[in-house]
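S.K.: Predicted model and sequence follow; I will ask about them next.
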Amino acid sequence: MNTQTLGLRAKVRSEYEYDFLVFIGRFQPFHIGHRTVIDEALKRARHVIVLIGSAREARSIRNPFSWEERASMIRDDFTAEEQGRIHCTPLLDLPYAEQSWIRNVQMSVQGIACQYQVTGETRIGLIGHAKDHTSYYLKMFPQWGSVNVQQSHKMDATTIRQTFLRLDGSFDADTFRALGAADSTTAWLAEFFGSPAHRALQHEQAVTDDYHAAWKNTPYIPTFVTVDAVVVQSGHILLVKRRAAPGKGLWALPGGFVDPHEKLRDAAIRELREETKISVPAPVLYGSIKAREVFDDPYRSSRGRTITTAFLIELVGDEKGLPRIKGADDAEKARWVPIADLESDRLFEDHFHIIQTMLRDTLA
């Protein structure tokens, strides 16, 4: 590399405060507030890394759009030159493994940064809008710089997606532009409107609205208590296919709500037997409980604040094979699934993360 080339690179680099600015968000969907942050990042950095959270999750009313769809919304709102400097990549939510989430962010950024030759120390920063508790990540990476972008207008992705999922009649682009949806997002929503996926999400939104309406006049917002059974044997885990919304058609752990006069452990065994008709006597199931853990992410369920206790049930391998099962009650089907075949985007709510947590010693 000659001196003239090095001098040119140094000049280009000096035009920017950072080599890479990192923007982390869910972008469900992408709106002009997000656009404002990326515009500022493009002014201050050579490259902008957009980490798209809630990646590879099943569609739900909180996460209706895949990470690829959201990446398309983002890229399509910028010029070709700007697109060349914007790098969208998926980021999995890990609500019960914060340090692993931090590591994933670091590895994603390093992976992209390594693709570009940078003279001297690589200057990396986080950029975002410190709007509320969801922006806590801006202080979680002390080794990087931090840029807080002020917003002149309050943008709310929740309102945009709920309006879209509650839309009755024809699609009106002006409605979504008024709510702050980016132009690319508005165009994408218009195309998605009326599709089978959109209709399924609309049904799920209506069911969830009915849940909320049932207790909207209570003096306090209720907290629901549920249980889940993580049953494993010979490298397989027992799952059920949900019969109804929310999450209709998704695979889930056997479980459900706790009865008023029931202990958590008893509820877990009852729900397990009701939903799977597993051919294992109750005393054996009780004796096979190896661990229990509480999962309380505030956003884990669209139905409201729901805290679940998961019970790890390890059954001893049998030369006769896996126990007989049959879907019943709230379960359309029951199935033994090889643990290696689990797919996060086919599992209900946070059940993939519950499984990962409960089987951490097994999967290590």
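M.R.: Sure thing, it's come through. Residues are numbered from 1 along each chain as shown.

S.K.: ok, which stretches of the stretch 251-364 of the chain are helices?
M.R.: Assigned by DSSP state H, counting those that start in this stretch, the stretch 251-364 of the chain shows helices spanning 264-276, 282-287, 351-358, 360-363.

S.K.: Dump these to CSV, plus distance to Gly256, mean pLDDT and mean neighbour count.
M.R.: In short, each C-beta sits where N, CA and C put it, glycine included. Below are the helices of the stretch 251-364 of the chain laid out as CSV (distance: least, C-beta to C-beta, whole Å; pLDDT from 0 to 100; neighbours: other C-beta atoms under 10 Å):
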stretch, distance to Gly256, mean pLDDT, mean neighbour count
helix 264-276, 4, 97, 21
helix 282-287, 16, 97, 13
helix 351-358, 13, 97, 22
helix 360-363, 24, 69, 11
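
S.K.: Of those helices, which is nearest Lys320?
M.R.: Nearest to Lys320 among those is helix 282-287 (14.1 Å), distances taken as C-beta to C-beta.

S.K.: How about residues contacting that closest one?
M.R.: Defining contact as C-beta atoms under 8 Å, 6 or more residues apart in numbering, one finds that helix 282-287 is touched by Arg265, Ile269, Leu272, Arg273, Ile278, Ile313, Leu315.

S.K.: try 10 Å
M.R.: Contacts of helix 282-287 from elsewhere in the structure, counted by C-beta atoms under 10 Å, 6 or more residues apart in numbering, are 229, 231, 265-266, 268-270, 272-273, 278, 281, 311, 313, 315-316, 323.

S.K.: again with stretch 192-209
M.R.: Surrounding stretch 192-209, the residues in contact under the criterion C-beta under 10 Å, 6+ apart are 29, 59-62, 64-66, 69, 161-162, 164-168, 170-171, 189, 191, 216, 244-249, 301-304.

S.K.: mind listing what's buried in it?
M.R.: Across stretch 192-209, burial judged by 16 or more other C-beta atoms under 10 Å covers Phe192, His198, Leu201, Gln202, His203, Glu204, Gln205, Val207, Thr208.

S.K.: any chance of these in TSV, plus pLDDT?
M.R.: TSV is the format used below for the buried residues of stretch 192-209 (pLDDT from 0 to 100):
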residue	pLDDT
Phe192	97
His198	97
Leu201	97
Gln202	97
His203	96
Glu204	96
Gln205	96
Val207	94
Thr208	94
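
S.K.: Out of those, which comes closest to Gly84?
M.R.: Closest approach to Gly84 among the buried residues of stretch 192-209 (C-beta to C-beta): Phe192, at 26.5 Å.

S.K.: Now do the closest one against Pro95, distance only.
M.R.: Phe192 sits 27 Å away from Pro95, going by C-beta to C-beta, to the nearest Å.

S.K.: do the same with Phe224
M.R.: As judged by C-beta to C-beta, Phe224 and Pro95 stand 17 Å apart.

S.K.: start to end distance for stretch 331-345?
M.R.: Chord length of stretch 331-345, first to last residue, is 19 Å (C-alpha to C-alpha, to the nearest Å).

S.K.: what's the answer for stretch 150-163, then?
M.R.: With C-alpha to C-alpha as the measure, stretch 150-163 spans 25 Å from end to end.

S.K.: Would you pull up how far that stretch lies from the middle of the chain?
M.R.: Here stretch 150-163 shows a centroid-to-chain-centroid distance of 19 Å under the convention C-alpha atoms, centre = their mean, to the nearest Å.

S.K.: Go through that stretch and flag the buried ones.
M.R.: Burial within stretch 150-163, assessed by neighbour count using 16+ other C-beta under 10 Å, is assigned to Met155, Ala157, Ile160, Arg161, Gln162.

S.K.: Pop the domain breakdown of this structure in here.
M.R.: Domain assignment for the chain, taken from automatic domain parsing, gives 16-192, 224-363.

S.K.: Using CSV, please lay out the ones you listed together with distance to His212.
M.R.: As requested, the domains of the chain are arranged in CSV below (distance: least, C-beta to C-beta, whole Å):
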stretch, distance to His212
domain 16-192, 11
domain 224-363, 7
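
S.K.: Met107 - that's part of a helix, no?
M.R.: Yes - the assignment for Met107 (DSSP: H, G, I helix; E, B strand; the rest coil) places it in a helix.

S.K.: What distance do you get for it to Ser100?
M.R.: As defined by C-beta to C-beta, Met107 lies at a distance of 10 Å from Ser100.

S.K.: Neighbour count: the two, which is higher?
M.R.: In terms of neighbours (other C-beta atoms under 10 Å), Ser100 is the more surrounded of Met107 and Ser100; the figures are 13 against 10.

S.K.: Mind telling me what element that one is part of?
M.R.: When elements are assigned from DSSP states H and E, Ser100 belongs to helix 98-113.

S.K.: and the angle from that helix to helix 351-358?
M.R.: Using axes from the mean of the first three to the mean of the last three C-alpha atoms, to 10 degrees, the inter-axis angle of helix 98-113 relative to helix 351-358 is 110 degrees.

S.K.: Work out the gap between helix 98-113 and the centre of the chain.
M.R.: Distance of helix 98-113 from the chain centroid (C-alpha atoms, centre = their mean) equals 16 Å.
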